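Trainee: Have a look at this fold, sequence not included:
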């Protein structure tokens with residue numbers, strides 16, 4: 001049983017499902033559903049459509065470089081059936097799936113923690129900018145040297161009439 005990949009969204013196409021478009025130069029494009037086929041006909045770029053796998057990998061939301069992903073690649077060389085080889089392949093597939101799930105969990109966990117750190121830092125800078133009058137002058141100068149605060153010197157002076 002050959003499982004194909006959708007040209008647009010990279011999802012798995014099982015036998016008897018989806019549709020195929022053959023261009024004049026005999027290039028075959030397989031689509032899992034009409035949604036992907038219509039987007040292809042509208043000449044949309046899969047890297048710019050948010051629900052595709054190409055977008056998720058380009059935006060850094062999924063792993064791109066990993067050894068466990070290479071196992072899923074398509075191989076065009078047929079292999080004669082052997083029970084021992086089949087059993088070894090099935091056990092290897094289970095191990096690879098477990099490794100892949102673990103790596104994806106770690107990847108998403110680190111991505112979420114990095115976003116939390118950035119959000120905390122931006123909120124801290126925002127609160128510092130709102131309450132500048134509470135900080136000592138030397139701390140303000142140090143923040144300006146590190147270019148964390150973009151405050152002009154003119155705005156600090158207050159004219160009294």
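Mentor: It's in. Predicted model only: the values in this text are computed from it and were never measured.
Trainee: All the strands of the protein, in order from the start?
Mentor: 4-5, 12-13, 19-22, 28-31 (DSSP state E).
Trainee: Adding distance to residue 80 and mean pLDDT, write those out as TSV.
Mentor: Glycine gets a C-beta too; all of them are placed from N, C-alpha and C. Formatted as TSV, the strands of the chain follow (distance: least, CB to CB, whole Å; pLDDT from 0 to 100):
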stretch	distance to residue 80	mean pLDDT
strand 4-5	22	92
strand 12-13	25	94
strand 19-22	28	96
strand 28-31	26	97
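Trainee: pretty sure residue 46 is touching residue 52, no?
Mentor: Yes. Shown here, residue 46 and residue 52 form a contact pair, counting by CB atoms under 8 Å, at 4.4 Å.
Trainee: re the thing from before, same list as before, the strands of the chain that is, but in a markdown table and with distance to residue 112 and mean neighbour count included.
Mentor: Formatted as a markdown table, the strands of the chain follow (distance: least, CB to CB, whole Å; neighbours: other CB atoms under 10 Å):
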| stretch | distance to residue 112 | mean neighbour count |
| --- | --- | --- |
| strand 4-5 | 28 | 16 |
| strand 12-13 | 27 | 16 |
| strand 19-22 | 37 | 12 |
| strand 28-31 | 33 | 16 |
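Trainee: Just put those in TSV and tack on distance to residue 105.
Mentor: As requested, the strands of the chain are exported to TSV (distance: least, CB to CB, whole Å):
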stretch	distance to residue 105
strand 4-5	24
strand 12-13	21
strand 19-22	35
strand 28-31	30
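Trainee: Minimum distance to residue 86: which of the ones you listed has it?
Mentor: Between residue 86 and these, the shortest separation by CB to CB is 20.3 Å, and it involves strand 12-13.
Trainee: Give me the contacts around that closest one.
Mentor: Here strand 12-13 makes contact (CB atoms under 8 Å, 6 or more residues apart in numbering) with 3, 4, 5, 6, 30, 31, 32.
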